Every structure is written in structure tokens, then in C-alpha cells.
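Chemist: got a structure for you, letters missing:
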């Protein structure tokens with residue numbers, strides 16, 4: 001599946017340059033953590049760290065998105081019985097299940113998680129499971 005294209009993502013070679021020249025800077029660390037290597041597209045960016053030293057970073061394209069699937073299952077049951085004017089009995093049971101798959105942006109990692117939630121009428125806390 002394809003999706004929006006990010007132009008200007010550092011390629012593997014560009015990431016190596018950034019890591020060696022400015023890898024100790026928080027902004028560069030965040031970029032390298034969040035954006036995967038792009039596919040080279042013939043473009044470069046230059047930057048200056050300490051005048052007059054300049055470095056060139058090879059840039060590329062990154063395309064990615066994912067499908068989104070959502071399934072929701074709900075149920076409710078209520079029983080009522082009136083024995084007489086003063087005695088009434090009722091019981092209630094509820095069930096809810098929710099499955100969702102990742103959708104939209106693939107990077108940074110974690111945005112395409114799958115969350116499975118089950119809630120039943122037993123009073124137990126919901127059961128959560130997350131994975132990518």
C-alpha cells in the first residue's frame with residue numbers, strides 16, 4: 001500500500017553524515033529516531049556546523065501509510081421478573097469488544113498499533129493488548 005510521500009528524508013548515507021557531524025544534538029537524535037531512511041532521489045542538503053565547514057546530506061523519499069480496520073461487537077441482556085407487587089428481580093449482562101488496526105502514518109513507530117479491548121458485565125477491568 002502506498003500513501004503520502006515525505007520528500008527530504010535523509011537516506012542511509014545522509015543519516016550516517018548527520019550522526020557523525022551532529023548526532024549529539026537532541027533535534028538530530030529525534031529525527032534519526034523518528035524518520036526511516038529515504039530512497040535516494042538525487043537531492044542533497046548542505047549545512048554548516050562550524051564556519052566554514054559544511055556537510056552534505058543525501059536526501060530521499062519516504063512513502064508509507066497503512067490500512068485501518070475497525071470491528072466493534074456489542075451485546076446487552078436484561079432479564080426482569082416481577083414476583084409480586086413488592087418483589088422484583090432483574091439481572092443485566094453487558095458485553096463489548098473492540099478491535100482496531102493501525103491507520104494513516106507509519107512513522108514514527110507506534111502510530112499503527114492494534115488495540116484489542118474486551119469489557120464484560122462481570123465488573124472486571126477491561127483487558128488491553130497492544131502490538132504493532
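Modeler: That came in fine, so what should we check first? What you see is a predicted model, and the numbers here were worked out from it, not measured in a lab.
Chemist: and residue 21, which of the three is it?
Modeler: Secondary structure state of residue 21, per DSSP: H, G, I helix; E, B strand; the rest coil, is helix.
Chemist: Can you tell me, leaving aside adjacent residues, what's nearest to it?
Modeler: Excluding the flanking residues, the one nearest residue 21 by C-beta to C-beta, 6 or more residues apart in numbering is residue 55, at 5.0 Å. In this view, the C-beta of every residue, glycine as well, is placed from N, C-alpha and C.
Chemist: List the neighbouring strands of the helix or strand encompassing that neighbour plus their orientation.
Modeler: Assigned by DSSP states H and E, residue 55 belongs to strand 54-63. Applying DSSP bridges, strand 54-63 is found paired with strand 5-10 (antiparallel), strand 39-48 (antiparallel).
Chemist: and these, which is most packed in?
Modeler: Across the strands paired with strand 54-63, the average number of neighbours (mean count of other C-beta atoms under 10 Å) peaks for strand 5-10, which reaches a mean of 17.
Chemist: quick revisit: neighbouring strands - and their directions - for the helix or strand following the strand holding residue 55?
Modeler: Going down the chain from strand 54-63, the next helix or strand is strand 70-82, by DSSP H and E. When pairing is defined by DSSP bridges, strand 70-82 lines up against strand 88-100 (antiparallel).
Chemist: Return the set of buried residues in the partner strand.
Modeler: Buried residues in strand 88-100, counting neighbours by 16 or more other C-beta atoms under 10 Å, are absent.
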